[in-house]
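After the sequence you'll find the predicted model.
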Amino acid sequence: MPDFVGAIDQGTTSSRFMIFDHGGNEIARHQLEHEQILPRPGWVEHNPTEIWERTRAVVASALTKANLAASDLAALGVTNQRETTVVWNRRTGRPYCNAIVWQDTRTDRIAATLEREGKGEVIRRKAGLPPATYFSGGKLQWILENVEGVRADAERGDALFGTTDTWLLWNLTGGIGGGEHVTDPTNASRTMLMDLETLDWDDELLSFFDIPRRMLPEIRPSSNPGFFGLTRADGPLGGVVPITGDLGDQQAATVGQVCFRPGEAKNTYGTGNFLLLNTGHELVRSKHGLLTTLCYQFGDEKPVYALEGSIAVTGSAVQWLRDQLGIISGASQSEALAREVADNGGIYFVPAFSGLFAPYWRSDARGAIVGLTRATTNAHLARATLESICYQSRDVVEAMENDSGVKLDVLRVDGGVTANELCMQLQADVLGVPVSKPVVAETTALGAAYAAGLAVGFWASTDELEQNWNEDKRWQPSWSDAQRAQGYAGWQKAVGRTLDWVDVQ
């Protein structure tokens, strides 16, 4: 068997390809950003063709860096930004429009209508999700209703829907020459269209959005010995490599963090934050604003479920300081700037740019900076931005503990923001529990590689994967209980100021 496994990690701001060895060590990577298209306030789009081209490029570059060929890969895994919605023509291979990104809020009226008509409870019961702009079903309905020709082509079977994993898998396995139209249960569980118990598209849910079933991809296990397909000879891998892993990015990070036991949790710090708690084979219905979702399904084993707290804006708030305000030149500078002050100076920044996700689910909220005084500086704002990442995570942890009855004793963290030492110390302080970062911080790509490798026997079992996990750093809480309580009370007060800002019909 070849010595390596590859993983495509198609994220919100960039696409990367990483190669791992049997010990879970990174051998090579290449990463390229793609354009963030913002046609109007609340709208966020990507160009699917650009994403495919970037994916081809990063695969080729990483292989070249490592001096490897496609034949050196035992298997390929794919992980992706989950709810982002792509619709394309099976005959031409061309998208009908830009992808609608998970952050996009144009479907707020669709979500509000579902709730008003009493369909929200059915969606919660079957799909584990509240009606919200976040998920794919409303985005697909919007495309069917607003993009010329899509409805007619969908009825004929020529228009295909997928999240970005499906778009990439279709292109990787042949495109118009016979590409596989497939996804896995973790991505399907983010659409409001899949029944969590049957792991299949649900006709009643499809009727709520008026979506033709033939548009939808086939759902296959996340780690799939039967393959999602073989890479086409003229594709970026230049040979036949089995694609045997497919996971939404946050579930992939959960696998990469080897959270295989009920009660184990991880928090990924990226464009947004996503905290997942493994609940095992039990489907736990949230009563505190969390999502019930698929964690993974390996082969013909029973599916494993999770509770998830999804936060829309965390790392992207730091990007906002850089790109919109211009007070830092790079994300890493936020830490140095924030360290210039001992505290936040009494200000709080709630980055509800596209409303608030878990546990509030308020699309009427908008961002606010409160507590400003004449003494407030850029450094205070930078610190408040880092604190906003940590307080939003605490909101989710509180809801998770209330839903599951499990008290967090340590939080495993990963993602780009974990490079910010001050932010991770603040996270331990705000939560009052240790924060632990693994040696391989890019656990999203690693999880996709693990899913792919398990399917072909590259790794024999999850026990073997657990042996690969090693801690790189741990942050211990330093705040007093009184300091922690006072800070959180201020945060909750600030969140209240963001609500009811936008009228949702």
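Everything's here; your move. Given the structure is predicted, the values throughout are model-derived calculations rather than measurements.

use CA for all of it now, contacts and neighbours both
Fine.

The helix or strand of the chain with the lowest mean pLDDT: partners in the sheet, and parallel or antiparallel?
Every helix and strand in the chain was compared by mean pLDDT, DSSP states H and E; the lowest is strand 229-230, with a mean of 82. If you go by DSSP bridges, strand 229-230 pairs up with strand 242-248 (antiparallel).

mind showing which ranges of this structure have poor pLDDT?
504-505 (pLDDT under 70).

80 - rerun?
1, 233-236, 238-239, 441, 503-505 (pLDDT under 80).

Would you map the helices across the stretch 101-250 of the chain?
108-116, 120-127, 136-146, 150-156, 164-172, 185-188, 203-209, 249-256 (DSSP state H, counting those that start in this stretch).

Show me what the fifth one packs onto, helices and strands only.
I take that to be helix 164-172. Here helix 164-172 touches helix 48-66, strand 73-80, strand 182-183, going by 3 or more Cα pairs under 8 Å, 6 or more residues apart in numbering; DSSP states H and E.

Go again with 6 Å.
Under the contact definition 3 or more Cα pairs under 6 Å, 6 or more residues apart in numbering; DSSP states H and E, helix 164-172 sits against no other helix or strand.

so that helix versus strand 73-80, what angle?
140 degrees (axes from the mean of the first three to the mean of the last three Cα atoms, to 10 degrees).

now the angle from helix 164-172 to helix 249-256?
Using the same axes, to 10 degrees: helix 164-172 against helix 249-256 is 90 degrees.

thinking again about what came up before, could you dump the helices of the stretch 101-250 of the chain into a markdown table with mean neighbour count added?
Compiled in a markdown table, the helices of the stretch 101-250 of the chain are given as follows (neighbours: other Cα atoms under 10 Å):
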| stretch | mean neighbour count |
| --- | --- |
| helix 108-116 | 18 |
| helix 120-127 | 19 |
| helix 136-146 | 22 |
| helix 150-156 | 17 |
| helix 164-172 | 26 |
| helix 185-188 | 30 |
| helix 203-209 | 17 |
| helix 249-256 | 30 |
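
any chance of those in a markdown table, with distance to Ser222 too?
Formatted as a markdown table, the helices of the stretch 101-250 of the chain follow (distance: least, Cα to Cα, whole Å):
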| stretch | distance to Ser222 |
| --- | --- |
| helix 108-116 | 28 |
| helix 120-127 | 18 |
| helix 136-146 | 19 |
| helix 150-156 | 26 |
| helix 164-172 | 11 |
| helix 185-188 | 7 |
| helix 203-209 | 22 |
| helix 249-256 | 9 |
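
and of the ones you listed, who's closest to Ser71?
Among the helices of the stretch 101-250 of the chain, the nearest to Ser71 by Cα to Cα is helix 164-172 (15.7 Å).

mind checking how far that closest one is from the chain centre?
A distance of 17 Å separates the centroid of the chain from that of helix 164-172, by Cα atoms, centre = their mean, to the nearest Å.

What of stretch 387-404?
On Cα atoms, centre = their mean, the centre of stretch 387-404 falls 17 Å from the chain's centre.

got it, and stretch 342-359?
Using Cα atoms, centre = their mean, the offset of stretch 342-359 from its chain centre is 20 Å.

and Gly245, how many neighbours?
33 (other Cα atoms under 10 Å).

Could you verify my assumption that Ile19 touches Ala28?
Yes: here Ile19 reaches Ala28: they are 5.3 Å apart, a contact under Cα atoms under 6 Å.

got the contact list for Trp469?
If you count contacts by Cα atoms under 6 Å, 6 or more residues apart in numbering, Trp469 has none.

Tell me how far it lies from Val439.
Using Cα to Cα, to the nearest Å, Trp469 is found at 8 Å from Val439.

Could you check how many residues crowd around Asp300?
11.

ok, now Ala489?
11.

And for the one 3 residues further on?
Gln492: 15 surrounding residues under other Cα under 10 Å.

phi, psi of Ile37?
phi -100, psi 120 (degrees, to the nearest 10).

Leaving out chain neighbours, which residue sits closest to it?
Glu45 (4.9 Å; Cα to Cα, 6 or more residues apart in numbering).

Tell me the bridge partners for Leu277.
If you apply DSSP bridges, the partners that Leu277 bridges to are Ala265, Leu307.

correct me, but it touches Leu307?
Yes: if you go by Cα under 6 Å, Leu277 and Leu307 touch, sitting 5.2 Å apart.

returning to what we had before: between Ile19 and Ala28, point out the one with more neighbours.
Ile19 (26 against 19).

Quick check: the gap between Ala154 and Tyr96.
For Ala154, the distance to Tyr96 - Cα to Cα - is 11 Å.

swap that for Leu76, sorry
28 Å.

Between those two, tell me which one has more neighbours.
Leu76 (29 against 18).

Identify the bridge partners of that one.
Gly6, Ile243.

So it versus Ala382, what's the distance?
For Leu76 relative to Ala382 (Cα to Cα), the value is 39 Å.

mind listing the strands for the stretch 301-450 of the chain?
Secondary structure of the stretch 301-450 of the chain (DSSP state E, counting those that start in this stretch): strands at 304-311, 348-350, 368-370, 411-414, 435-438.

and of the ones you listed, who's closest to Arg214?
strand 304-311 (26.7 Å).

from what I can see Gly11 touches Gln81, true?
Yes: taking contacts as Cα under 6 Å, Gly11 lies within contact range of Gln81: 5.0 Å.

mind checking the end-to-end distance for stretch 322-330?
6 Å.
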